[in-house]
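Asks: predicted structure and sequence below. I'll ask about it afterward.
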Amino acid sequence: MTSAFPPPPSPLEDRIEQLLAAPEHDGHPLRQALADLWETHRDLERRLDRIARVSDAFQSMARQRELGLQERMERDLRRLEKLARISDRYQSMMRDLNVALTEASTHDSLTRLPNRRLLTERLKSEAERADRYGRSFTVVMIDIDHFKRINDTCGHDVGDSVLIELAHAMGAELREQDCAGRWGGEEFVLLLPETSLETAVQVVERVCGRLSGVHVPEPHPTGSVTASAGLAEHVPGTPVTATLSRADSALLTAKRNGRNRIERAPAPTPETTHA
Amino acid sequence: MQSFETPGSQSTPTIRANWEEGTLFMEGDSYPENSYEQFRPVFDWIEAFLSTTGRPLTLDLHLLYLNTSSIKAMMDIFDRLETAHANGQQVAVRWCYDRRNERVGELAEEFREDCTFPFRIEPSA
């Protein structure tokens, strides 16, 4: 901002300058007084001009600073928004990775069924629930008979895809509350909550029927598989590991008795209860 | 100023600053307890390199997870590079990410948004 000072001389100022310059007034008593007054006036004018300039400079400096601050604030705000945006995206990436990791650590990568770790957790919590409410559930161990034959005759790739199909078939026959998982190799575990041994037998019969419907390609000798199963009903108050090993023993019995059959574990005797 | 190397840990990246080559390498996760302490030497090194050598500077980044204060530190570093670039100095960034994790590449793009200096984002095998 530039100052408007000094303004152009006014008619009065012109007149005074002319009067002071005119030689005919030399020696007049008022001439010296007028000259002094004129000088004082000019001095005041110069001062006023300087004050205005300084004031203007201050004003424009303050304005510049204000603009600078505003600009900086806007820039900082943009940076902050960018920071928050990037940070949010990192966090959501981590959250998704977490979900994927949890899924990977609790499920079998081939069949997508719950793995041994998750099954063990489910069995434990089901046992706690059963103990609390005095209810029971049945644990089933299923083993595919002569599964090695598939791998030997058709190769491991076919063996893997048959396992996936068997897992699907098993899931299709279960009820919402049931849980099927891969215990290892070609061994599966079913957890049937609120299910008595006799009801469980019916469920397992249906499951085994489904399993035998899964097609195994040539050159497999029979084109299908059978399964053996061992069932054990949990007894409230006993450790769930005991129930699991009873089911395992029953499975062993089924295998020994010729495979393709279902065996029930006898009720635990007091000695085996806390085995 | 000279070259320095900081071995990485679970929560801090590996850092290698090479004064002769004019390269700064950073690799790994970054969620240190004190990000100021971690990034101060990096920032000082970059500042010294840019203000004294006049030689080109290249950042080679293989960063994965960054916490919020690490993100801010990286933004500050890129701002400093932007200033150097505006002054006619040669600076460049190469950000490599695992192609199995595309989202790290997308995040690198967010960082690149306001940068006018060469900033390449490359998937690694």
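Replies: In hand now; what should we look at?
Asks: CA only for contacts and neighbour counts going forward, please
Replies: Fine.
Asks: what residues does chain A put near chain B?
Replies: Taking C-alpha under 8 Å from any C-alpha of the partner chain, the part of chain A that reaches chain B is made up of A:82-84, A:86-87, A:89-90, A:93.
Asks: now the buried members of the residues you listed.
Replies: Neighbour-count burial (16 or more other C-alpha atoms under 10 Å in any protein chain shown) applied to the residues of chain A next to chain B gives A:82-83, A:86-87, A:89-90, A:93.
Asks: on that earlier part again, identify, from the residues of chain A next to chain B, the entry nearest to chain B.
Replies: residue A:87 (5.6 Å; C-alpha to the nearest C-alpha).
Asks: OK, contacts around the nearest residue to that closest one once chain neighbours are set aside?
Replies: Distances taken as C-alpha to C-alpha, 6 or more residues apart in numbering or on different chains put residue B:68 closest to residue A:87, at 5.6 Å, once the chain neighbours are dropped. By C-alpha atoms under 8 Å, 6 or more residues apart in numbering or on different chains, the contact list for residue B:68 reads A:83-84, A:87.
Asks: what of residue A:204?
Replies: Contacts of residue A:204 (C-alpha under 8 Å, 6+ apart): A:229, A:262.
Asks: now do the helices in chain A.
Replies: Ranges of helices in chain A, per DSSP state H, are A:11-21, A:29-106, A:116-133, A:147-154, A:156-173, A:197-212, A:240-256, A:270-273.
Asks: which of the ones you listed sits most buried?
Replies: Ranked by mean neighbour count, those are led by helix A:240-256 with a mean of 21 (mean count of other C-alpha atoms under 10 Å in any protein chain shown).
Asks: elements contacting that one?
Replies: Packing partners of helix A:240-256 (3 or more C-alpha pairs under 8 Å, 6 or more residues apart in numbering or on different chains; DSSP states H and E): helix A:116-133, strand A:137-144, strand A:227-233, strand A:262-264.
Asks: pLDDT wise, what is residue A:225 at?
Replies: Looking at residue A:225, its pLDDT is 94.
Asks: hmm, residue A:143 and it touching each other?
Replies: No: if you go by C-alpha atoms under 8 Å, residue A:225 and residue A:143 don't touch, sitting 10.6 Å apart.
Asks: who's more crowded, these two?
Replies: Taking other C-alpha atoms under 10 Å in any protein chain shown, residue A:225 and residue A:143 do not tie; residue A:143 has more neighbours (26 against 22).
Asks: can you tell me how far that one sits from residue A:36?
Replies: Separation of residue A:143 from residue A:36 (C-alpha to C-alpha, to the nearest Å): 125 Å.
Asks: those strands in chain B, which residues are they?
Replies: B:4-6, B:14-18, B:23-30, B:57-66, B:91-98, B:119-124 (DSSP state E).
Asks: with mean pLDDT added, can I get the helices of chain A in a markdown table?
Replies: Below are those laid out as a markdown table (pLDDT from 0 to 100):
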| stretch | mean pLDDT |
| --- | --- |
| helix A:11-21 | 90 |
| helix A:29-106 | 93 |
| helix A:116-133 | 94 |
| helix A:147-154 | 93 |
| helix A:156-173 | 94 |
| helix A:197-212 | 95 |
| helix A:240-256 | 96 |
| helix A:270-273 | 56 |
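Asks: turn those helices into CSV, including distance to residue B:22.
Replies: Formatted as CSV, the helices of chain A follow (distance: least, C-alpha to C-alpha, whole Å):
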stretch, distance to residue B:22
helix A:11-21, 72
helix A:29-106, 28
helix A:116-133, 50
helix A:147-154, 57
helix A:156-173, 51
helix A:197-212, 65
helix A:240-256, 63
helix A:270-273, 72
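Asks: would you mind measuring from the residue of chain B found nearest chain A to residue A:158?
Replies: Chain B approaches chain A most closely through residue B:68 (5.6 Å), counting by C-alpha to the nearest C-alpha. Taking C-alpha to C-alpha as the measure, residue B:68 falls 48 Å from residue A:158.
Asks: now swap in residue B:92 and tell me
Replies: Taking C-alpha to C-alpha, one finds residue B:92 at 51 Å from residue A:158.
Asks: likewise residue A:34?
Replies: From residue A:34 across to residue A:158, the span is 122 Å (C-alpha to C-alpha).
Asks: same check on residue A:99?
Replies: Relative to residue A:158, residue A:99 is positioned 30 Å away (C-alpha to C-alpha).
Asks: and chain B, which residues reach chain A?
Replies: B:65-68, B:71-72, B:103, B:107, B:110-111.
Asks: I'd like the residues you listed as CSV, with pLDDT appended.
Replies: Listed next are the residues of chain B next to chain A as CSV, based on pLDDT from 0 to 100:
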residue, pLDDT
B:65, 93
B:66, 94
B:67, 94
B:68, 94
B:71, 95
B:72, 94
B:103, 91
B:107, 95
B:110, 95
B:111, 96
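Asks: between the helices of chain A, which gets nearest to residue B:123?
Replies: Closest approach to residue B:123 among the helices of chain A is made by helix A:29-106 (17.4 Å; C-alpha to C-alpha).
Asks: residue B:6 pairs with what?
Replies: Counting by DSSP bridges, residue B:6 forms beta bridges with residue B:15.
Asks: isn't it right up against residue B:12?
Replies: No: with contact defined as C-alpha under 8 Å, residue B:6 does not reach residue B:12; the gap is 9.3 Å.
Asks: who's more crowded, these two?
Replies: Comparing residue B:6 with residue B:12 by neighbour count (other C-alpha under 10 Å), the higher total belongs to residue B:12, at 22 against 13.
Asks: just checking, that one touches residue B:33?
Replies: No: Residue B:12 is beyond contact range of residue B:33, at 9.2 Å (criterion: C-alpha under 8 Å).
Asks: which of the residues in stretch B:73-83 are classified as buried?
Replies: Across stretch B:73-83, burial judged by 16+ other C-alpha under 10 Å covers B:73-75, B:77-78, B:80-82.
Asks: circling back to that earlier point, between the strands of chain B, which one is nearest to residue A:258?
Replies: Here strand B:91-98 is closest among the strands of chain B (C-alpha to C-alpha), at 52.5 Å.
Asks: if we take the contacts of residue B:68, which one ends up nearest to residue A:53?
Replies: Relative to residue A:53, the closest of those is residue A:83; by C-alpha to C-alpha it sits at 44.3 Å.
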